[in-house]
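S.K.: Quick one: sequence plus predicted model below, questions after.
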Amino acid sequence: MNTKRAAITDVAAAAGVSRSTVSNYLNHPDVLSASTRERIARAIAELHFVPSDAARKISSGDTGTIGYIAFEFTNPFSGVIADAIERRALETGRTVLIANSAGSTRRQLEYLDLFERKRVSGIIIATLEELEPRLEEMKRRGMPAVISGRRSTSDQIASVSADDATGGYLAARHLLDIGRRRIAFVGGPFSVKQVSERFDGASRAVEETAGATLIAVRADERSMNAGFAAGVELATSGSAVPDGVFAVNDLVGLGVVRGLASCGVEVPRDVAVIGFDGDDIAAVAAIPLSTISTSGDTVGETAVDLLLAELGVPTREFPTRQRIVEPKLVVRPSTVGDVAPVTPPSVSGAVGRSTTSVS
């Protein structure tokens, strides 16, 4: 018994037509005459031909699959975005292939190559590197992309990102509004645009406030362990311990709280600590962490909708290719627990970056 599956060329031979005519029958039957459609239908039935959905989609340039390259799944915020991307894609009848670059530029480029070879419809990539020239080349070859997590530097490449500068301002403003004046920013590296913009936003709030100072403590890994080391360093350096800390993300913020506590420094009585991202883990910590929340759901859903617009099947209208998600302040006990009021000194504000480095 011959178990070989019939191919489109077999149907074309049996019906006495070309392969392209059978393809038209499958995709655009209205362009064929009734007699031609009848011959092809009869051949399909006799050969038990099953059309390949994947092949038809590849030939049309839309496989129904989106590639997503995450930056680092060690940060819970990345998982929230990935979940939102997958959920939104499913709502529009698409599937998602997910890859994790773990912050490696080399792996990002490898995954871009892989997804292009796999003929996905388009790519969403979370990257800190300026890959716009590469993404523009891919777009010219028919592979659109959307950057998530930072604003694109190219008006040809769509992006969705948080307003990091405004978020940094809100974080420092909150610390200042509750009376804290010696502020430390914990994060890094400053070559990362999101990090530098959060610091710049905090600097703006400090510069507006008499008696306030701001230093920076490097924590380039942006992890809980790096935050813990920074907290210990702040408590034991011999310098005056800051009374407020703005951590570059929630993981670092949670680490700072633990590091300070290990040295007998109480949060928030002695030091108020606020993070950034709005991770669920920050809400259920032993001392729930105040944070600047940017909706990961909104970032993920918007990334998919931007990509669909690039593919010519928009689900909503966008005035520009670059979309910004506004942050909001979420206040929790790490900054507003039962503490005695802090009396700020009456000196002019100052901003600086310390030489302390934690990695």
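M.R.: Yes, it's here.
S.K.: what's the burial count for residue 287?
M.R.: 19 (other CB atoms under 10 Å). Placement of C-beta: from N, CA and C, glycine included.
S.K.: Tell me which stretches of the stretch 1-150 of the chain form strands.
M.R.: Assigned by DSSP state E, counting those that start in this stretch, the strands in the stretch 1-150 of the chain fall at 65-70, 95-100, 122-126, 145-148.
S.K.: Pick the most deeply packed of those strands.
M.R.: Each of those was assessed for mean neighbour count using mean count of other CB atoms under 10 Å. The highest is strand 145-148, with a mean of 28.
S.K.: Past that one, which element shows up next along the chain?
M.R.: strand 158-162 (DSSP states H and E).
S.K.: residues contacting the nearest residue to residue 149 once chain neighbours are set aside?
M.R.: Spatial nearest neighbour of residue 149, excluding adjacent residues (CB to CB, 6 or more residues apart in numbering): residue 126 at 4.5 Å. For residue 126, the contacting residues are 69, 70, 71, 78, 81, 101, 147, 148, 149, by CB atoms under 8 Å, 6 or more residues apart in numbering.
S.K.: One more: residue 93?
M.R.: By CB under 8 Å, 6+ apart, the neighbours of residue 93 are residue 64.
S.K.: What segments of the stretch 1-150 of the chain are helices?
M.R.: Counting by DSSP state H, counting those that start in this stretch, the stretch 1-150 of the chain has helices at residues 8-15, 19-27, 34-47, 53-60, 76-91, 105-117, 132-140.
S.K.: can you tell which of the ones you listed is closest to residue 331?
M.R.: Nearest of these to residue 331, taken as CB to CB: helix 76-91 at 19.0 Å.
S.K.: Give me the residues contacting that closest one.
M.R.: Contacts of helix 76-91 (CB under 8 Å, 6+ apart): 66, 68, 70-73, 95-96, 98, 124, 126, 148-149, 249-251, 277-281, 296-301, 303-305.
S.K.: Over to stretch 223-241?
M.R.: 74, 182, 184, 186, 217, 219-220, 242, 245, 247, 251-265, 270-271, 356, 358-359.
S.K.: Now the nearest residue to residue 220 once chain neighbours are set aside: phi and psi?
M.R.: Residue nearest to residue 220 in three dimensions, not counting chain neighbours: residue 188, with 4.1 Å by CB to CB, 6+ apart. Per-residue torsions, residue 188: phi 150, psi 180 (degrees, to the nearest 10).
S.K.: isn't residue 188 right next to residue 219, touching?
M.R.: Yes - under the criterion of CB atoms under 8 Å, residue 188 makes contact with residue 219 at 5.7 Å.
S.K.: Which one of those two is surrounded by more residues?
M.R.: With neighbours defined as other CB under 10 Å, residue 188 and residue 219 compare such that residue 219 has more, 32 against 25.
S.K.: List the contacts of the more buried one.
M.R.: 186, 187, 188, 226, 227, 229, 230, 247, 248, 252, 358, 359.
S.K.: Now distance to residue 319, secondary structure and pLDDT too, for the residues you listed, in JSON lines please.
M.R.: Listed next are these as JSON lines, based on distance: CB to CB, whole Å; DSSP: H, G, I helix; E, B strand; the rest coil; pLDDT from 0 to 100:
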{"residue": "186", "distance to residue 319": "36", "secondary structure": "strand", "pLDDT": "98"}
{"residue": "187", "distance to residue 319": "32", "secondary structure": "strand", "pLDDT": "96"}
{"residue": "188", "distance to residue 319": "34", "secondary structure": "coil", "pLDDT": "91"}
{"residue": "226", "distance to residue 319": "39", "secondary structure": "helix", "pLDDT": "96"}
{"residue": "227", "distance to residue 319": "38", "secondary structure": "helix", "pLDDT": "97"}
{"residue": "229", "distance to residue 319": "44", "secondary structure": "helix", "pLDDT": "97"}
{"residue": "230", "distance to residue 319": "40", "secondary structure": "helix", "pLDDT": "97"}
{"residue": "247", "distance to residue 319": "34", "secondary structure": "strand", "pLDDT": "98"}
{"residue": "248", "distance to residue 319": "30", "secondary structure": "coil", "pLDDT": "97"}
{"residue": "252", "distance to residue 319": "34", "secondary structure": "helix", "pLDDT": "97"}
{"residue": "358", "distance to residue 319": "41", "secondary structure": "strand", "pLDDT": "38"}
{"residue": "359", "distance to residue 319": "41", "secondary structure": "coil", "pLDDT": "34"}
